[in-house]
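> dropping a prediction and its sequence here:
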Amino acid sequence: MDYNELADLIFPNAKEIEYYETRYPERNLVEGAMVTRFAPSPTGFVHIGGLFGGIIDKKLAEQSNGVFILRIEDTDQKREIENGTAQIVNSLKDFGIEPDEGMISETEEKGNYGPYKQSQRKDIYQAYAKSLIKRGLAYPCFCTPEELEKIREKQEAAKIRPGYYGIWAKDRTLPIDEAVNKIKNGEKYIIRFKSQGREDRKIKHKDIIKGNIEFPENDQDIVIIKADGLPTYHFAHAVDDHLMRVTHVIRGDEWVSSIPLHLELFKALGFRPPKYAHTATIMKDENGSKRKISKRKDPEAAVSYYHEEGIPQEAVVEYLLNIANSNFEPWRRANKDADISEFELQLNKMSVSGAVFDMVKLLDVSKNVISKFTAEKIYNESLKWGQRYDKELEKMLTEDKEYAMRILNIERGNEKPRKDISKWSEIKHSIEYMYNDVFEKNTNYEFQKISDMNEIKTILKKYIEKYFDINDDKQTWFDKIKDLSEEMGYAREVKQYKQEPDKYKGHVGDISTVIRVALTGRCNTPDLYEIMQILGKETIVARINKICGG
RNA sequence: GGCCCCGUGGUCAAGCGGUUAAGACAUCGCCCUUUCACGGCGGAGACAUGGGUUCGAUUCCCGUCGGGGUCACCA
């Protein structure tokens, strides 16, 4: 018996690897084109860190005229969730990320280098595993989980490095005949890689982000094909990224410690390894200490969170780009209205250590992003959000679209647009007083300096009877408020009042505030003149009478 | 514990042997202003630590401390 026979016994139907090598040829791309891939497993919602990686993958491929692949790593069938792939595809789409190749729905894919779901590539992995067995670089291992556990316990007791390697890798030296017999007897087994590495030797590696790293060679005989016939991550990574002709692997830095293994795998398989870029983990601040942002504890770890909160996808992407490249902010300042696709991401400018996720900063970015939107876009986006998450808002926006648009257009579209909205979930609060049915429920007027109700009523009565005319232009309108102030014993100008405070009861600002509060219930609002123009004469009179009459 | 990575204001971060150690967010004050938001100006606030190397270290080397990652038939 020799390795060939053993290989044939284990994988009788596997094709020769040459078949796949010609089936998936080198890509014919322009010089410098990057082939990247985002390769999540369908185990739940997309993580903010995953989105981060996906954005980088997409951008790099796009700006180099390369290819961005979406591959699904569903080799762990226990953890897989229903419609996991569709969820990933849709989440990415929400953020404007669509693959050039790979999965485009739960079951559909595009591209010539597929299948793009690992569970459908079983034959490919087995062919390469077989080739390894033939060359004596992989072998069947019959150890049960219990045996493995015992080995581990021994190692721990002896305080030596745990794992399946060297003398601990007992099936590594199992005679071929014995292995064959065990297989024929129906004993369960998995396939392990036969490492040629030595722990006392060093390996050097240059990571695009982390720079030069040196570590001991891998000497672990890791499993490459599991009991269910599917590959482990490590093996699938080597086979897929080679066959899909991926040039740059961008992944989270939890993988750096696997580099010695991966490099050895590529070497054993005869593949040229890709370039690696290991991105720093996004962290979360918890009582002053940093930790990895977590699916369990942190709602903002799920990208669906941003959708639910109504933070526009552009803002999230922009914030993430901010974390990714420190030169993004200067770029943005110099190119205020440019589309982010024009920004050139540089891998070598990526941060080496993990950034703490800063929601306040995100909201600031978002505020600026929204301030550049047109009223139309704000209307459409917040309506979309409202339809899904807030029926009341939906009603406000749809019962009279033109009215809603006028509200949303207040102080917008000019040089210094309003920057008071950072997410759609804030919209309702900022417009609701413009709606009579909501306003009527308001009983709490936040009057400020002038709080004597008699004085307030007098001011309002005089205003409505003597000074109010809906047709006035802004200047006339304000001049009249000044006239009213004077008549009531308040200074026409704030400065006047500050110079001689004893001469006046207050100033024009106090009078305006009374009108503002009477009309909106709030002491802080956007431009009162615009609000009044939108409210209209009837509503204004009614709202003032509501106070004066009561 | 072994191995690997990281350590500049509260946060994100420029700087990479000689700088008054940028900038953004947050914070505080002032100005603008009928309120708020915007905008403008200004303040406070940092090179974890101990040794080297050097004429000179935030920058280079070593130790310490602190943080993170990883050690699965999970990815």
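Perfect, I can see it now.

> and the strands in the stretch 401-550 of chain A?
Here the stretch 401-550 of chain A has its strands, by DSSP state E, counting those that start in this stretch, at A:490-491, A:506-507.

> packed most tightly, which of those would that be?
strand A:490-491 (a mean of 23; mean count of other C-beta atoms under 10 Å). From N, CA and C alone the C-beta is placed, and that goes for glycine too.

> which one of the strands of the stretch 401-550 of chain A lies nearest to RNA strand B?
Nearest of the strands of the stretch 401-550 of chain A to RNA strand B, taken as C-beta to the nearest atom of the strand: strand A:506-507 at 7.4 Å.

> remind me which residues of chain A are low pLDDT?
A:550 (pLDDT under 70).

> okay, now the domains of it?
Split into domains by automatic domain parsing, chain A comes to A:3-15+A:122-279, A:375-440, A:453-549.

> save those domains as JSON lines, and put in distance to RNA strand B too.
Formatted as JSON lines, those follow (distance: least, C-beta to the nearest atom of the strand, whole Å):
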{"stretch": "domain A:3-15+A:122-279", "distance to RNA strand B": "3"}
{"stretch": "domain A:375-440", "distance to RNA strand B": "4"}
{"stretch": "domain A:453-549", "distance to RNA strand B": "3"}
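
> so can I have TSV of those showing distance to A:Gly84?
Converted to TSV, those look like this (distance: least, C-beta to C-beta, whole Å):
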stretch	distance to A:Gly84
domain A:3-15+A:122-279	16
domain A:375-440	21
domain A:453-549	45
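
> can you pull the contacts of the residue nearest to A:Phe142 when sequence neighbours are not counted?
Distance criterion C-beta to C-beta, 6 or more residues apart in numbering; nearest residue to A:Phe142, sequence neighbours excluded, is A:Tyr189 at 4.8 Å. Listed by C-beta atoms under 8 Å, 6 or more residues apart in numbering, the contact partners of A:Tyr189 are A:140-142, A:182-183, A:227.

> only the buried subset of these, as a PyMOL command please.
Restricted to buried positions by 16 or more other C-beta atoms under 10 Å, the PyMOL selection for those reads:
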select buried, chain A and resi 140+141+142+182+183
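
> among the contacts of A:Tyr189, which two are most distant?
The span of the contacts of A:Tyr189, defined through C-beta to C-beta, is set by A:Lys182 and A:Ala227 at 14.2 Å.

> quickly find the element holding A:Lys377.
Using DSSP states H and E, A:Lys377 sits within helix A:375-389.

> packing partners of that helix?
Contact here means 3 or more C-beta pairs under 8 Å, 6 or more residues apart in numbering; DSSP states H and E; on that basis helix A:375-389 packs against helix A:391-399, helix A:401-408, helix A:427-431.

> report the angle between the longest one and helix A:401-408.
Angle, helix A:391-399 to helix A:401-408, by axes from the mean of the first three to the mean of the last three C-alpha atoms, to 10 degrees: 110 degrees.

> name the residues of helix A:391-399 that are buried.
For helix A:391-399, by 16+ other C-beta under 10 Å, it's A:393-394, A:396-397.

> re the thing from before, got the angle for the helix holding A:Lys377 vs helix A:391-399?
Interaxial angle of helix A:375-389 relative to helix A:391-399 (the same axes, to 10 degrees): 140 degrees.

> alpha carbons of helix A:375-389, in CSV - could you do that?
What follows is helix A:375-389, C-alpha atoms only, in CSV (Å, rounded to 0.1, in the frame of the first residue of the first chain):
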residue,chain,number,x,y,z
ALA,A,375,-35.5,68.4,1.3
GLU,A,376,-36.7,65.9,-1.3
LYS,A,377,-34.0,63.4,-0.3
ILE,A,378,-34.7,63.9,3.4
TYR,A,379,-38.4,63.5,2.7
ASN,A,380,-37.9,60.2,0.9
GLU,A,381,-35.4,58.8,3.3
SER,A,382,-37.2,59.7,6.5
LEU,A,383,-40.5,58.5,4.9
LYS,A,384,-38.8,55.1,4.1
TRP,A,385,-37.6,55.0,7.7
GLY,A,386,-41.0,56.0,9.1
GLN,A,387,-42.9,53.4,7.1
ARG,A,388,-40.8,50.8,8.7
TYR,A,389,-40.3,52.1,12.2
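
> list of residues touching it?
With contacts defined as C-beta under 8 Å, 6+ apart, helix A:375-389 is touched by A:308, A:310, A:312, A:370, A:373, A:392-394, A:396-398, A:401, A:404-405, A:408-409, A:412-413, A:421, A:424-425, A:427-428.

> now swap in stretch A:79-93 and tell me
Stretch A:79-93 is contacted by residues A:38, A:40-46, A:51, A:54, A:70, A:72, A:74, A:98-99, A:103-107, A:117, A:303-304 when judged by C-beta under 8 Å, 6+ apart.

> can we see that at 10 Å?
With C-beta atoms under 10 Å, 6 or more residues apart in numbering as the test, stretch A:79-93 has contacts from A:38, A:40-47, A:50-51, A:54-55, A:58, A:70, A:72, A:74, A:97-99, A:102-109, A:116-117, A:119, A:302-304, A:307, A:313.

> do that stretch and RNA strand B meet?
Yes: residues of stretch A:79-93 contacting RNA strand B under C-beta under 7 Å from any atom of the strand: A:Arg79.

> check which residues of that stretch are buried.
Across stretch A:79-93, burial judged by 16+ other C-beta under 10 Å covers A:80, A:84-89, A:91-92.

> so how far is it from its chain's centroid?
Centre-to-centre, stretch A:79-93 and its host chain are 14 Å apart (C-alpha atoms, centre = their mean, to the nearest Å).
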